[in-house]
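1. sequence-free structure coming up:
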Ligand code: PLP
């Protein structure tokens with residue numbers, strides 16, 4: 001179906017930070033399948049784990065147990081706890097980010113016993129494309145073609161604790177759902193105490209705090225999870241994208257007391273937690289820990305952001321770690337992203353005037369320098385074309 005614009009390239013192979021198209025042309029991938037292939041393409045440890053698992057057992061359904069899902073759940077729980085102690089929660093496995101959020105939305109309703117059902121969300125947020133996660137998404141233009149939206153998703157301005165408090169005080173609120181950095185909304189970084197303030201307000205109003213770490217999680221922003229930069233404890237954390245390094249897998253973590261609100265039959269997924277996806281997730285997490293990807297993202301992010309800020313036509317660089325937006329001094333992001341692809345660099349226009357970069361967390365300094373060089377040439381050309389009569 002025509003749900004996407006015409007693609008600029010067709011790929012057949014990937015290796016590390018590089019992709020190769022049908023004609024054998026090489027591209028430097030600085031968008032990573034939308035913040036998914038955090039270990040680069042075809043990482044040998046993940047490829048080997050997936051191939052080995054495919055040859056032994058792919059799927060059994062949740063009528064039965066497998067040995068891998070509990071292991072991945074324990075690792076995720078420890079990473080939610082900061083890496084060195086249990087997070088004290090339980091995990092539901094699914095296949096995508098939207099499904100991870102759907103699980104969270106159902107769980108918080110169950111937790112209130114149906115007494116409170118509203119989930120307060122933020123303007124500009126992106127939480128998925130299913131009807132409920134679309135309703136949670138704070139972008140009215142995406143709602144309009146599909147109205148009426150499911151009810152119960154009031155929106156407040158992002159990074160505004162006073163307005164959040166008003167929404168909570170209105171009553172009927174089961175939870176607040178927030179991204180620690182708004183990814184699809186333009187890589188919007190809130191004040192350094194926003195999430196911790198939201199946590200405090202949720203506690204005061206007996207609402208749960210769901211943190212959507214689908215784009216920011218698993219090392220990308222320089223922490224295992226971006227909320228950890230603010231030293232708070234969420235009730236629910238949703239995870240997907242990088243978890244399988246490209247194999248579709250999502251997860252909803254919740255504090256054990258909250259997770260206990262679900263009873264058998266309340267929620268499910270045919271594929272969720274299947275051996276193939278879990279083998280990918282186990283291998284991905286083991287490489288992420290061995291390589292200490294949060295530290296790498298932090299270091300590489302500083303090098304990349306510093307160099308990007310010096311390019312012509314760049315007004316600002318924002319984000320954290322290796323989730324960055326290059327704010328241009330005009331609405332030329334689409335033209336710049338298209339010209340970059342033609343030059344062999346993949347980035348995306350996250351706003352009319354901002355280009356997003358989310359390279360592999362294992363990106364090398366040489367690859368960063370190559371990307372900055374390519375983008376610099378592109379911005380000079382695009383700037384000259386805009387400036388010319
Ligand atoms: N939440 C956030 C923060 C996202 O960035 C995305 C996808 O971009 C989603 C949810 C939805 O994930 P998926 O496309 O896997 O359903």
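-> In hand now; what should we look at? The shown structure was predicted, so the numbers you read here are calculated from the model rather than taken from an experiment.
2. what does stretch 307-316 rub up against?
-> Outside stretch 307-316, the residues that touch it by C-beta atoms under 8 Å, 6 or more residues apart in numbering are 317, 324, 326-330, 332, 357, 368-369, 372, 375-376, 379-380, 382-383. (Glycine included, C-beta is placed from N, CA and C.)
3. One more pass at 10 Å, please.
-> The contact list for stretch 307-316 (C-beta atoms under 10 Å, 6 or more residues apart in numbering) reads 317, 324-330, 332, 336, 353-355, 357, 368-369, 371-373, 375-380, 382-384, 386-387.
4. buried ones in that stretch?
-> 307, 308, 311, 313, 314 (16 or more other C-beta atoms under 10 Å).
5. can you put these in JSON lines and add secondary structure and distance to the ligand?
-> Below are the buried residues of stretch 307-316 laid out as JSON lines (DSSP: H, G, I helix; E, B strand; the rest coil; distance: C-beta to the nearest ligand atom, whole Å):
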{"residue": "307", "secondary structure": "helix", "distance to the ligand": "25"}
{"residue": "308", "secondary structure": "helix", "distance to the ligand": "21"}
{"residue": "311", "secondary structure": "coil", "distance to the ligand": "26"}
{"residue": "313", "secondary structure": "coil", "distance to the ligand": "26"}
{"residue": "314", "secondary structure": "strand", "distance to the ligand": "24"}
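6. Take the residues you listed and write them to TSV, including pLDDT.
-> Shown next, in TSV, are those (pLDDT from 0 to 100):
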residue	pLDDT
307	98
308	98
311	97
313	95
314	97
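7. Residue 318 in helix, strand or coil?
-> Classification of residue 318 using DSSP: H, G, I helix; E, B strand; the rest coil returns strand.
8. Now residue 87. Its backbone dihedrals?
-> Dihedral angles of residue 87 (phi, psi; degrees, to the nearest 10) stand at phi -80, psi -10.
9. Spell out which parts of the stretch 1-150 of the chain neighbour the ligand.
-> By C-beta under 6 Å from any ligand atom, the residues of the stretch 1-150 of the chain that approach the ligand are 34, 96, 97, 98, 101, 126, 127, 128.
10. Could you rerun that using 8 Å?
-> With the criterion set to C-beta under 8 Å from any ligand atom, the stretch 1-150 of the chain comes near the ligand through 34-35, 96-101, 125-130, 133.
11. three-state assignment of the nearest residue to residue 326 once chain neighbours are set aside?
-> In this structure, residue 326 finds its nearest non-sequential neighbour in residue 355, 4.6 Å apart by C-beta to C-beta, 6 or more residues apart in numbering. Three-state call for residue 355 (three-state DSSP): strand.
12. Quickly list what residue 355 is bridged to.
-> Beta-bridge partners of residue 355, counted by DSSP bridges, are residue 326, residue 349.
13. Surely it and residue 375 touch.
-> Yes. Applying C-beta atoms under 10 Å, one finds residue 355 in contact with residue 375, separated by 7.7 Å.
14. Residues that sit against both of those two, list them.
-> Joint contacts of residue 355 and residue 375 (C-beta under 10 Å, 6+ apart) are 30, 308, 314, 326, 336, 337, 340, 347.
15. contacting residues for residue 170?
-> Counted by C-beta under 10 Å, 6+ apart, residue 170 has contacts 118, 120, 154, 205.
16. Can you tell me which of these is closest to the ligand?
-> residue 120 (16.1 Å; C-beta to the nearest ligand atom).
17. The closest one belongs to a strand?
-> Yes. Residue 120: assigned to a strand according to three-state DSSP.
18. residues near it, how many?
-> Counted by other C-beta atoms under 10 Å, the residues lying close to residue 120 total 28.
19. which residues does it form a beta bridge with?
-> residue 176.
20. Who are the contact partners of it?
-> Contacts of residue 120 (C-beta under 10 Å, 6+ apart): 136, 152-156, 163-164, 166-168, 170, 172-178, 198, 201-202, 205, 207.
21. Among these, name the ones in helices.
-> 136, 163, 164, 166, 167, 168, 198, 201, 202 (DSSP state H).
22. between the residues you listed, which is nearest the ligand?
-> Among those, and counting by C-beta to the nearest ligand atom, the member closest to the ligand is residue 136, at 9.1 Å.
23. wait, doesn't the closest one sit right on residue 125?
-> Yes. Here residue 136 reaches residue 125: they are 6.8 Å apart, a contact under C-beta under 10 Å.
24. quick check: domain ranges of this structure?
-> The chain is divided into the following domains under automatic domain parsing: 11-30+293-387, 47-291.
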